[in-house]
Structure formats: C-alpha cells, structure tokens
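*Asks:* Sequence first, then the predicted structure, then my questions.
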Amino acid sequence: MEEAYDVVIIGAGTAGLMLARELGKTKCKILLLDRRKDLLNFSFKTLASFMDLKDFDLSENIVAQHINTMVVHSKRVKSEIKDDLYILDKEILHKELLESLDYNYVDIKTGVHVNDIFKENSKDLYTHISDKKGNIYKGKIFVDASGTVGVISKKVGLLDSSYSVATGVEYNVKYHGNSNEMHLMIGKTYEGGYGWIFPLKNERAIIGFGTLEETLFKGLKNRLNKIIELPKFKKLVTKDNDLVEGGSIPITPVLEKFTLNNLVCVGDSVSQVNPIAGEGYKFIFEAAIMASKHIKNAIENKDINLLIGFEEDWKKRFSSNYKRSKIAQNRIFSSFSKNDISTDIGMVLLKLRSNKKNVQTLSGEYE
C-alpha cells in the first residue's frame, strides 16, 4: 500500500498536466499516473486554438503557426473570417508543461493502467484506486483526467459509458497556400463531417477529415484521400507521404456534474471540449485551473464539500456557451452539412453576418 498523496491524478494529458502544474505551486503532494510510457506520443500532433498564451503562462515556442484568417468552404461558396489564433504544436506544448512541473511536489508514474476506485467500509469518501497489476494508490482527493477513456468517470456514472465521439484522421503535407490562412470545409462531400487544413512552418500543413457518423469511422482514410484530390485542395496541398494519424473527442450532451465526494473529473473525461468546433485545450486548461483552486481550498480547509465549488464556477463560466454551441453543432452536423445547397446558403449567410458573430460561433465564446 502506497503512502497517501494529497491528490492522485489519473491521466497526464491536457487536463492532468495543467492541474498538476497548478497544484504543485500550492505545495500539495501530487501523484500523476498515465497508462502511456511516452507522454509525448500523440495521435494528433496539432490543434487550432483561440487561447491567449499569457492566460495560461505558455510561451510562443508552442506555436506552430500564427493564423489571421479562417476560410470556410462549402461546395461552391467560401467565406473568410478574420481573427488572430494559433496552430499549436502539441508535443512542444506538453513538453513545456512537463518542464514546468515542480518535481519536489509532483511524482509521475507511467505505464499505469488504472482500473477501479474504492471506498472502505462503504463510507462516502474514496480511499484508493487500483491498477491492472493490483497496485494500490492512496489519496485524499482523486482526479479523473484520463480523457475519452474516462476510466473513473464512467465507473461512477458521471460520463455515460455509451457516449458518442467525433473521430478524425489527418496527413502532414506540402502546403502551397497562405501560411497565415487556415481552412475549414463542410458539405455533402464530407458526409455530415468536416475537413480542415492547418498551415505549419516550412511550407507544410495538416489536412484532415473528421465525422460524427460512427458508420464512417472505418473509411476515414479513404475519404481523406479523395478530399485531397479535389481540384480546389490540390491547389493548396500535395500529399508526399502515407503516414496517417487520428483520434477522437467525446460528443455528449453538455455535462454539469464533475464531482462526487472526493472525486473530481476534468477535461474529456466529462466532455469539457467545446461542442461546436472541437476547441478543447483553451477550455480544458481553464477548467483545470478552476478545479485546482477548489482542490487547494478543500485540502487547506479539510473540507471535501468545498469541491462542489468547481461545478458552480464551471456552470457560471461555461454552461450557457456550451449549450448554445451544442445547438449549433446539432444544426450543422445532423442535417445542414449533408446537403450542398444548404451549406452554400449557409456560406452566403455567413458572409452577411458580422465578423464578430462568426468568430464567436467558431470560438465557442458568446457574449
């Protein structure tokens, strides 16, 4: 039996690393567990984000490319949206987070497959978790930051075990377009899904295709190959390798329950990615920092009931925006994007809307 930690975090990804960084500053004793042996091995290498790096104490080193224009394409119409955002390099970002941890207070164990959480004598508080090898890890507070696996959030019923996901694949290709211009694509060609081109440095880009339709998951690579051959995209990219990468994000109803006794769930383990555009890191980082404040408060005051403040603050900050984004997601991907005439009309309407409103929709940040 291991010595009890103040906080045991399951998952050293987006949420887990940010949470460990913030809690380490408070001199809480943290154990960070991850099933991967290499914490810098990712299915997707890049992401687009509207985050302000200063808000999260991150450096410009994590930026793969600065973007000032988003071009949204339907079959026959395109609309430009102007705003400043980033394409981020996930490997450099996570490496920077790992280097920022205070290892006087944060221990990391990799290759650990957590499989259950326990109470003793049917008391309300959880006392320990176990892994598949039978090892036991004790803590005062437990955090599920295990991403879409949701190893504990599903076990205790905070995340439905049968939730839906959006799944995508992508290539790193030669890029012939404007390096500060990213592209988003919807319409019948994408069969209720969406496409993207994220410019990188050195005349490279990521081109990808994703969908919410489970029946299409097995054929994503073939569909992406066909998309690359479309005339308007052949002008922008040249595929010069066959290395395909891919991954998934949860697509669930907007959740508002993240705590259970001394268990806290953060990130994709409780679907905290924004529904409309898959913007995850900005919102998950913010949620992790929010959670860290309430975890610190609960430990200092020896009162687990204070953890509920995380849910209350999250609802005030995110709930209405997420519900609004969920409505937009359903409209766009359930029917609208499967018809070229509908998407062409949508692009025309997009042109007529103010740039500010279009940015709000794509960023998931409404006033």
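*Replies:* Received it, and whenever you're ready, just let me know what you need.
*Asks:* can you give me the strands in the stretch 51-200 of the chain?
*Replies:* With DSSP state E, counting those that start in this stretch as the criterion, the stretch 51-200 of the chain has strands at 63-73, 78-89, 106-110, 114-119, 126-131, 136-144, 164-175, 181-185, 194-199.
*Asks:* Format these as JSON lines; extra columns: distance to residue 351 and mean pLDDT.
*Replies:* Quick note: C-beta positions are derived from backbone N, CA and C, even for glycine. Shown next, in JSON lines, are the strands of the stretch 51-200 of the chain (distance: least, Cβ to Cβ, whole Å; pLDDT from 0 to 100):
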{"stretch": "strand 63-73", "distance to residue 351": "10", "mean pLDDT": "95"}
{"stretch": "strand 78-89", "distance to residue 351": "5", "mean pLDDT": "94"}
{"stretch": "strand 106-110", "distance to residue 351": "49", "mean pLDDT": "97"}
{"stretch": "strand 114-119", "distance to residue 351": "49", "mean pLDDT": "94"}
{"stretch": "strand 126-131", "distance to residue 351": "52", "mean pLDDT": "95"}
{"stretch": "strand 136-144", "distance to residue 351": "43", "mean pLDDT": "96"}
{"stretch": "strand 164-175", "distance to residue 351": "25", "mean pLDDT": "88"}
{"stretch": "strand 181-185", "distance to residue 351": "15", "mean pLDDT": "93"}
{"stretch": "strand 194-199", "distance to residue 351": "19", "mean pLDDT": "92"}
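*Asks:* which stretch among those strands comes nearest residue 44?
*Replies:* Distance to residue 44, taken as Cβ to Cβ, is lowest for strand 164-175 among the strands of the stretch 51-200 of the chain, at 6.9 Å.
*Asks:* so what strands line up beside the closest one?
*Replies:* Paired strands of strand 164-175, with direction, are strand 204-211 (antiparallel), strand 237-238 (antiparallel), strand 245-251 (antiparallel) (DSSP bridges).
*Asks:* any chance of the strands of the stretch 51-200 of the chain in a markdown table, plus distance to residue 273 and mean neighbour count?
*Replies:* A markdown table is the format used below for the strands of the stretch 51-200 of the chain (distance: least, Cβ to Cβ, whole Å; neighbours: other Cβ atoms under 10 Å):
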| stretch | distance to residue 273 | mean neighbour count |
| --- | --- | --- |
| strand 63-73 | 19 | 19 |
| strand 78-89 | 15 | 18 |
| strand 106-110 | 24 | 16 |
| strand 114-119 | 21 | 16 |
| strand 126-131 | 24 | 20 |
| strand 136-144 | 15 | 24 |
| strand 164-175 | 9 | 21 |
| strand 181-185 | 17 | 22 |
| strand 194-199 | 15 | 24 |
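*Asks:* Out of those, which is closest to residue 22?
*Replies:* Each of the strands of the stretch 51-200 of the chain has some distance to residue 22 by Cβ to Cβ; the shortest is strand 106-110, at 10.7 Å.
*Asks:* Quick one: residues in contact with that closest one.
*Replies:* Residues from elsewhere that reach strand 106-110 (Cβ atoms under 8 Å, 6 or more residues apart in numbering): 5, 12, 20, 23-24, 30-39, 101.
*Asks:* can I get the strands paired with strand 164-175 in JSON lines with mean pLDDT?
*Replies:* Listed next are those as JSON lines, based on pLDDT from 0 to 100:
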{"stretch": "strand 204-211", "mean pLDDT": "90"}
{"stretch": "strand 237-238", "mean pLDDT": "96"}
{"stretch": "strand 245-251", "mean pLDDT": "78"}
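*Asks:* Columns mean neighbour count on top of the ones you listed, output as a markdown table?
*Replies:* Shown next, in a markdown table, are the strands paired with strand 164-175 (neighbours: other Cβ atoms under 10 Å):
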| stretch | mean neighbour count |
| --- | --- |
| strand 204-211 | 24 |
| strand 237-238 | 18 |
| strand 245-251 | 18 |
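*Asks:* Generate JSON lines for those, with distance to residue 338 as supplementary columns.
*Replies:* Converted to JSON lines, the strands paired with strand 164-175 look like this (distance: least, Cβ to Cβ, whole Å):
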{"stretch": "strand 204-211", "distance to residue 338": "11"}
{"stretch": "strand 237-238", "distance to residue 338": "24"}
{"stretch": "strand 245-251", "distance to residue 338": "16"}
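*Asks:* Nearest approach to residue 342 belongs to which of the ones you listed?
*Replies:* Comparing the strands paired with strand 164-175 against residue 342 with Cβ to Cβ, the closest turns out to be strand 204-211 (17.0 Å).
*Asks:* Nearest to residue 252 among the strands of the stretch 51-200 of the chain would be which one?
*Replies:* Closest approach to residue 252 among the strands of the stretch 51-200 of the chain (Cβ to Cβ): strand 164-175, 6.8 Å.
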